[in-house]
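no sequence on this one, just coordinates:
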């Protein structure tokens with residue numbers, strides 16, 4: 001018995017506007033990566049990648065069998081490309097071949113109606129191709145200790161996390177092991193990423209070094225810059241002043257980011273204070289530039305930071321976080337918000353990142369109100385600023401200590417004004433937020 005032929009697809013099954021949008025997106029994404037290959041003089045360039053992505057989109061529109069067939073054809077095309085380059089004595093085009101397969105799969109996603117995922121994949125792929133020299137130089141400069149740090153971070157995040165028990169444990173149900181471990185990995189991961197950024201860009205300017213160093217560890221950055229002032233007998237005051245201010249702003253930005261990730265509603269109550277502190281910091285730095293205090297003859301400092309990740313550092317974050325989490329929860333139960341604020345201030349002396357993470361976790365679990373958690377995070381940040389100033393005062397350099405004391409008082413006043421005034425402004429914004 002003969003099978004009935006498959007009927008032709010009607011216009012209702014292939015809506016013209018939607019199909020055109022999918023094909024246009026696939027073409028744009030193919031041209032994006034093809035432009036980078038064309039610029040480098042590769043055999044497969046702008047038109048080739050545009051065709052490949054549109055072919056993938058057509059395969060996604062027609063169904064899984066056609067998508068697999070087109071992917072296989074693109075694989076054959078990649079093989080032919082490598083054969084041609086090998087015959088010409090130019091070596092194998094493995095990177096371009098992999099880019100062709102990724103482009104085809106992104107086109108399939110476009111054909112299936114996806115938008116964000118194929119666009120994100122193609123932007124990342126284009127960035128990997130465009131940053132070839134920078135990535136190669138970075139990987140060549142990695143040390144064995146830095147590689148072990150990366151592997152250890154991956155093991156702690158991927159291997160240990162699934163083995164931890166779910167839910168709250170302990171007699172008071174104050175600790176959730178998985179939530180605590182995620183917070184520790186998050187803090188360490190932020191430091192790891194910013195260590196990489198510091199290693200890539202840290203020697204290009206004092207201000208950039210100060211900002212990136214502050215994202216990793218603001219206290220270490222302040223110590224390095226303060227010691228440079230002592231070593232140069234005060235010749236480094238202007239540059240160290242701006243570098244320490246930017247390190248402080250990086251610490252404030254990092255703490256606000258932790259709140260945003262772990263408890264966004266808590267950041268809403270503290271956003272006024274964080275925003276005013278950042279604004280005061282930026283104003284002071286810009287005023288320093290405009291006043292002509294910058295000297296081009298001043299040397300760029302070499303900030304010596306610890307390894308991007310180490311087990312003792314992870315354990316330190318974990319212990320401090322757990323202590324602040326437990327003590328903060330208990331003091332809030334027995335002494336109210338004032339007890340939690342005291343714990344936040346003490347936590348800012350140990351690790352402002354851990355103190356902010358503990359406040360955010362308590363808020364996300366419902367053990368603490370978002371306003372109280374946000375206030376505690378601001379207090380921990382202000383305490384960290386005061387603690388950093390103790391390293392500056394040890395230099396006994398009057399010009400540096402005088403300028404920084406004035407600047408830090410302005411930043412602290414801005415944060416205090418944000419804490420006091422923001423609760424009155426927030427209700428007025430409620431209709432806009434709704």
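Now that the structure is in, tell me what you want to look at. In this text, all values refer to a predicted model and were calculated from it rather than measured experimentally.

residue contacts, the residue nearest to residue 58 when sequence neighbours are not counted?
Excluding its sequence neighbours, the residue lying closest to residue 58 (Cβ to Cβ, 6 or more residues apart in numbering) is residue 111, at 6.3 Å. Any C-beta I mention is one placed from the backbone N, CA and C, and that applies to glycine too. By Cβ atoms under 8 Å, 6 or more residues apart in numbering, the residues touching residue 111 are 22, 26, 56, 57, 58, 59, 60, 61, 62, 67.

Quick one: buried ones out of the residues you listed?
Buried members of these, counted by 16 or more other Cβ atoms under 10 Å: 22, 26, 56, 57, 58, 59, 60, 61, 67.

Run through who's touching the one helix or strand the first one maps to.
The one in question is residue 22. Using DSSP states H and E, residue 22 falls within helix 16-39. With contact meaning Cβ under 8 Å, 6+ apart, helix 16-39 is reached by 44-54, 56-58, 60-61, 96, 99, 103, 106-107, 110-111, 113, 115, 118-119, 122-123, 125-126, 129-130.

mind putting the buried ones among the contacts of residue 111 in CSV, pLDDT included?
Output for the buried ones among the contacts of residue 111, formatted as CSV (pLDDT from 0 to 100):
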residue, pLDDT
22, 91
26, 93
56, 93
57, 93
58, 92
59, 92
60, 91
61, 90
67, 90
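
And these, which is closest to residue 219?
residue 26 (49.7 Å; Cβ to Cβ).

count of neighbours near residue 19?
14 (other Cβ atoms under 10 Å).

how distant is stretch 246-254 from the center of its chain?
Relative to its chain's centre, stretch 246-254 lies at 14 Å (Cα atoms, centre = their mean, to the nearest Å).

Do a quick rundown of the strands in this protein.
In the chain, no segments count as strands under DSSP state E.

Can you give the domain ranges for it?
As assigned by automatic domain parsing, the chain contains the domains 16-130, 142-427.

The ones you listed: lowest mean pLDDT?
Across these, domain 142-427 has the smallest mean pLDDT, namely a mean of 74.

that older thread, just the buried subset of the contacts of helix 16-39, please.
Burial by neighbour count, 16+ other Cβ under 10 Å: within those this picks out 44-46, 48-54, 56-58, 60-61, 96, 99, 103, 106-107, 110-111, 118-119, 122, 125-126, 129.

Surely residue 259 is in contact with residue 267?
Yes: contact criterion Cβ atoms under 8 Å: residue 259 and residue 267 qualify, at 4.0 Å.

the more surrounded of these two?
When residue 259 and residue 267 are compared for neighbours, residue 259 comes out ahead with 27 against 23, by other Cβ under 10 Å.

Roughly how far does that one sit from residue 319?
In this view, residue 259 and residue 319 are 21 Å apart by Cβ to Cβ, to the nearest Å.

Repeat that for residue 125.
On the measure of Cβ to Cβ, residue 125 and residue 319 end up 41 Å apart.

contacting residues for the closest residue to residue 282 other than its chain neighbours?
Spatial nearest neighbour of residue 282, excluding adjacent residues (Cβ to Cβ, 6+ apart): residue 249 at 7.1 Å. Taking Cβ under 8 Å, 6+ apart, we find residue 249 in contact with 211, 214, 277, 278, 281, 282, 285.

Among those, which one sits closest to residue 385?
Each of the contacts of residue 249 was checked against residue 385 using Cβ to Cβ; the closest is residue 277, at 8.7 Å.

and that closest one, what does it touch?
Listed by Cβ under 8 Å, 6+ apart, the contact set of residue 277 reads 249, 252, 381, 411, 414, 415, 418.

Please name the nearest non-neighbouring residue to the second one.
In space, and not counting its chain neighbours, residue 252 is closest to residue 277: 5.2 Å by Cβ to Cβ, 6+ apart.

Kindly report the same for the last one.
Sequence neighbours aside, residue 273 is the residue nearest to residue 418 in space, at 3.1 Å (criterion: Cβ to Cβ, 6+ apart).

was I right about that neighbour contacting residue 419?
Yes: using Cβ under 8 Å, residue 273 is in contact with residue 419, at 4.9 Å.

Between those two, which has more neighbouring residues?
Between residue 273 and residue 419, residue 273 has the larger neighbour count (other Cβ under 10 Å), namely 27 against 20.

ok, that one - contacts?
374, 378, 414, 415, 416, 417, 418, 419, 422.

which among the residues you listed end up buried?
Buried by 16+ other Cβ under 10 Å: 374, 378, 414, 415, 416, 418, 419, 422, out of the contacts of residue 273.

I'd like the distance between the fifth one and residue 409.
Residue 416 is 10 Å from residue 409, where distance means Cβ to Cβ.
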